[in-house]
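In: show me how the following folds:
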Amino acid sequence: MVPQSISYYRIQQQSFETMVERSKNARYLHYYSSLLLDRRDAKEVRLFNMFPKIIEKYISLFEQTKKDVNQIRRKQLTTSSLFVVLTVGVFGYGFYWFTNSVRTGALEVGVLLMFVSVIGYISTSMARVVEDSSLLYDSLLWIEKYFNFLGYQDDFKNGTQSFPDDFNDINVKNLSFTYPFSDTEILHNVSFSVKSGEKVAIVGENGSGKSTLVKLLMRFYDPTNGKISVDNYDLKDINIFDLHKNLSATFQDFSRFKLTLKENVITGYSFNKDRVNNVLKAAGLGDLLVNDHLNLNTMLAKDFENGTDLSGGQWQKVALARDLYADGKIEFLDEPTAALDAKSESEIYQRFLKENDKKTIFFVTHRLSAVRFADKVLFLDSGKISGFDTHTNLLHTNPKYKEMYDLQKNAYL
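Out: The predicted structure is shown next:
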C-alpha cells in the first residue's frame, strides 16, 4: 500500500504541474482564437493573411498540451495496471495456498471462506484509501497555492494622511525609477516643482519616460529613489483611495467599456444627467447625441442588441468626458488628442482648459502645437529633464527642443 500511495502521489504532483502549465497554454489558445474571431483584429489579420500562421500556432500548442496530458494519463494507466497485476498475483497466490491447505485437510473450509471475505474487504478499503488520499493530495496542492496567494505581500504601503483641500505645489525631487522585474532605469534624478493651478505640458521623444512620470505622479508605482510630495506631504503618506478621488485622467490606452454611454462617462460615480450632458459637450460630443440618434442609454458595443460602436476619435472624446466627470483637483492627459484632427484638437484643448481653469493639469503630447496651451513645458530627454520653462524660453535656450519643434513646424509648410 505504501509504495502504491507514493507512486500515486508522485503522479498526482506531475499531473498538477501539467495542469498549471496548461493554464498558461490555455491563455495562449484563447488569444489565438480571439485573433481569428474578434472583429477588433479582423482587418489586419485578413489584410496580412495571418490565418494560416495563427492556425498553425494554435494546432501546435494544442497538440503539445494534449501530448503532455496523454503522457501523464499513460503513466497513470501503467502504474495502476502494475499494481493491479501485483495485487492479483499476491492475492492469487494466497488463495492457491489456502485452497491447497483445505484440500490436504490442514485447514477447514471456513478458513478459506473467511480469507476470501477478508481479502475482498481489505483490497476494497486499501483502494479507497489510496484513491481518496491521492485526491486529497491534489486538493492540498491547489490549497497551498491559494494560501501562498493570500500570504503574498508587496512593498506597497498605504498612507493615512488625507489629501490636502487646497494644496500649493507639487514637488518632485531626485526621482529615479526602474520598473519591477527590469534592470533598465527609465527616469534619472528628475526634479521639478509645479504650483497649484499650473498647466504643464510633458514632451519628449518616444521612450523618454513621459507616461512613466505620469504613472508615478498618480502613484501607480512608487519611485525607486527620490520622492514626490504635495505641499509637505510625501505621496506615500497620503491614503491611496483619497489620493485617487482627487485625481482624474485620460490615458493614452483608455478603456472602451462595453456599457452604455452614460456608464462609460460616470464610471463609479453617482449619476447626474445635467453634468453628464455638460461634460459630453465640453469633450466635443454634443452633436453626437443630436445627429446620430444616440442617447445616454445606448449600448456602446455591437456585441449586444441595439448596440453601436464609435469611431476612434469619438471614443477618445468619451474618455475625455469621463475625465471631466470625475472632476479631480489634478488632471492628467496622456496623449488625449492622438486620434483627433488638428481642428478638433485645438477645440478640445480650449474647451477643456476653460472647464478646468483653476485645476493643475499635466498633459503628455507629441504634438508641440499643443504646448501653447501650457504655462510651462517639461522637456524629457532619455529619462532626464532637458528643460523646464515656458515654450518661448525653451525655444531660445534649448537647441534640442527648438530642433524638435522646427521639425514638426516644417512638416506643415
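In: make it CA atoms for all contacts and neighbour counts henceforth
Out: Fine.
In: so which residues of the protein form strands?
Out: Applying DSSP state E to the chain gives strands spanning 169-178, 185-195, 199-204, 225-230, 233-234, 247-250, 330-334, 360-364, 376-381, 384-389.
In: the last one pairs with which strands, parallel or anti?
Out: Sheet neighbours of strand 384-389, with direction, are listed as strand 376-381 (antiparallel) (DSSP bridges).
In: using CSV, list the CA coordinates for the strand it pairs with.
Out: Extracted C-alpha coordinates of strand 376-381, given in CSV (Å, rounded to 0.1, in the frame of the first residue of the first chain):
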residue,chain,number,x,y,z
LYS,A,376,5.3,75.5,-18.7
VAL,A,377,6.9,72.8,-20.7
LEU,A,378,8.7,69.8,-19.1
PHE,A,379,11.1,68.5,-21.8
LEU,A,380,12.3,65.0,-21.1
ASP,A,381,15.3,63.5,-23.0
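In: tell me what angle it forms with strand 185-195.
Out: Angle, strand 376-381 to strand 185-195, by axes from the mean of the first three to the mean of the last three Cα atoms, to 10 degrees: 170 degrees.
In: what angle sits between strand 376-381 and strand 360-364?
Out: Comparing the axes of strand 376-381 and strand 360-364 via the same axes, to 10 degrees yields an angle of 40 degrees.
In: other residues contacting strand 376-381?
Out: Contacts to strand 376-381, defined as Cα atoms under 8 Å, 6 or more residues apart in numbering, come from residues 198-205, 208-210, 371, 385-391, 401.
In: 6 Å instead?
Out: 200-204, 208, 385-391 (Cα atoms under 6 Å, 6 or more residues apart in numbering).
In: what's the most distant pair in those residues?
Out: Ser208 and Thr390 (19.5 Å; Cα to Cα).
In: sorry, back to before: okay, the contacts of strand 376-381 in JSON lines with pLDDT next?
Out: Below are the contacts of strand 376-381 laid out as JSON lines (pLDDT from 0 to 100):
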{"residue": "Val200", "pLDDT": "94"}
{"residue": "Ala201", "pLDDT": "92"}
{"residue": "Ile202", "pLDDT": "93"}
{"residue": "Val203", "pLDDT": "92"}
{"residue": "Gly204", "pLDDT": "90"}
{"residue": "Ser208", "pLDDT": "90"}
{"residue": "Ile385", "pLDDT": "94"}
{"residue": "Ser386", "pLDDT": "93"}
{"residue": "Gly387", "pLDDT": "93"}
{"residue": "Phe388", "pLDDT": "95"}
{"residue": "Asp389", "pLDDT": "93"}
{"residue": "Thr390", "pLDDT": "92"}
{"residue": "His391", "pLDDT": "90"}
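In: just these now: which is nearest Arg74?
Out: Checking the contacts of strand 376-381 against Arg74 by Cα to Cα gives Ser208 as the nearest, at 54.1 Å.
In: give me the low-pLDDT residue ranges for the stretch 251-400 of the chain?
Out: Along the stretch 251-400 of the chain, the model assigns pLDDT under 70 to residues 291-293, 337-344.
In: list the residues that contact Leu289.
Out: Asn295 are the contacts of Leu289 under Cα under 6 Å, 6+ apart.
In: repeat that for Asn278.
Out: Per Cα under 6 Å, 6+ apart, neighbours of Asn278: none.
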